[in-house]
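Asker: no sequence for this one, just the structure:
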């Protein structure tokens, strides 16, 4: 069951190579001096990266195509270069970009392709909200957008300070997170984006300490970890995934032995807020988690 999931995700869950704590990785460090953004030709290969460029007021000559996400209106005239998972190398090269900007979750797949066509690349850390803002600061420094970057970071710090105050002194619940596609699911750790959101909200992942974003784990091991809460989310096709999880929990008897199931603490998270990459709607995601983690909402929502 879980093998098929891993095969479907392939590059989306590929471990990033040589990722630095600075937030994003410039594959040509010899050119790390500040560039003039007005003179640069930039391509963003994922909706999340395009949103960051929009917030930083950066122009793009190329953007990804997406059937589920809205690309900022600023880039209506930009050339579409294919999907985030598989940008078209020929189109990318034809645009003669100075840099291609991509999420580092796809670095293992995309970096060799960019190198093969002689294109410089920068990979942004979108595995967590903190990583996203570190990447924003790095891009702001590189592309002379320090003011815009600092405004975004300040906004984030203010929100998080107020959010954390809500839960000060409250007991942190333990959480099991399941990421699914129709017919398959795996465990999401703290290293995944959804896992980082749960951590920011104050939850304790029962697979804390793992460095991989996702794990194949059997239900017996999950049960032994005795989570207070089980969260279920979808990588794609959310309606079908919700149905799959409902059938799995109803038909697989072992779930009935989970305390979280017995106490009706199983929740399906909103697909648009809990995806694979950090986005600026993280406040909405954290607000959704707030009542779930601290006992103010009903299960199954």
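Answerer: Nice, I can see it. Since this is a predicted model, take the numbers as computed values, not measurements.
Asker: CA only for contacts and neighbour counts going forward, please
Answerer: OK.
Asker: may I see the buried residues of the longest helix seen in the chain?
Answerer: Longest helix in the chain, counting residues (DSSP state H): helix 146-166. Buried residues in helix 146-166, counted by 16 or more other C-alpha atoms under 10 Å: 146, 149-150, 152-153, 156, 163.
Asker: which helices and strands sit right next to that helix?
Answerer: Judged by 3 or more C-alpha pairs under 8 Å, 6 or more residues apart in numbering; DSSP states H and E, helix 146-166 is in contact with helix 129-142.
Asker: where are the low-confidence patches of this protein?
Answerer: Applying pLDDT under 70 to the chain flags the ranges 1-38, 296-301.
Asker: would you map the helices across the stretch 201-301 of the chain?
Answerer: 219-224, 238-251, 259-262, 282-293 (DSSP state H, counting those that start in this stretch).
Asker: what lies in contact with the helix or strand where residue 48 lies?
Answerer: Here residue 48 sits within helix 47-55, counting by DSSP states H and E. Helix 47-55 is contacted by residues 44, 59, 63-64, 66, 69-72, 74, 84, 101-103, 124, 136, 148, 277-280 when judged by C-alpha atoms under 8 Å, 6 or more residues apart in numbering.
Asker: what's downstream of that helix, the next helix or strand?
Answerer: Tracing the chain C-terminally past helix 47-55 and defining elements by DSSP H and E, one meets strand 62-63 next.
Asker: and that next one, how far out from the chain middle?
Answerer: Distance, stretch centre to chain centre, for strand 62-63: 20 Å (C-alpha atoms, centre = their mean, to the nearest Å).
Asker: list the strands paired with the helix or strand following it, with their directions.
Answerer: Going down the chain from strand 62-63, the next helix or strand is strand 79-80, by DSSP H and E. If you go by DSSP bridges, strand 79-80 pairs up with strand 62-63 (parallel).
Asker: so what's the residue count around residue 39?
Answerer: 9 (other C-alpha atoms under 10 Å).
Asker: roughly how far does it sit from residue 143?
Answerer: As judged by C-alpha to C-alpha, to the nearest Å, residue 39 and residue 143 stand 10 Å apart.
Asker: what of residue 192?
Answerer: For residue 192, the distance to residue 143 equals 28 Å [C-alpha to C-alpha].
Asker: swap in residue 178?
Answerer: Distance from residue 178 to residue 143, by C-alpha to C-alpha: 38 Å.
Asker: which of these two has more residues huddled nearby?
Answerer: residue 178 (22 against 18).
Asker: doesn't the more buried one fall inside a helix?
Answerer: No. Secondary structure of residue 178 (DSSP: H, G, I helix; E, B strand; the rest coil): strand, not part of a helix.
Asker: in the sheet, who's paired with it?
Answerer: For residue 178, the beta-bridge assignment (DSSP bridges) gives partners residue 187, residue 232.
Asker: that one against residue 232, yeah?
Answerer: Yes. Assessed by C-alpha atoms under 8 Å, residue 178 is found in contact with residue 232 at 4.8 Å.
Asker: you'd agree residue 123 is in a strand?
Answerer: Yes. Assessed by three-state DSSP, residue 123 belongs to a strand.
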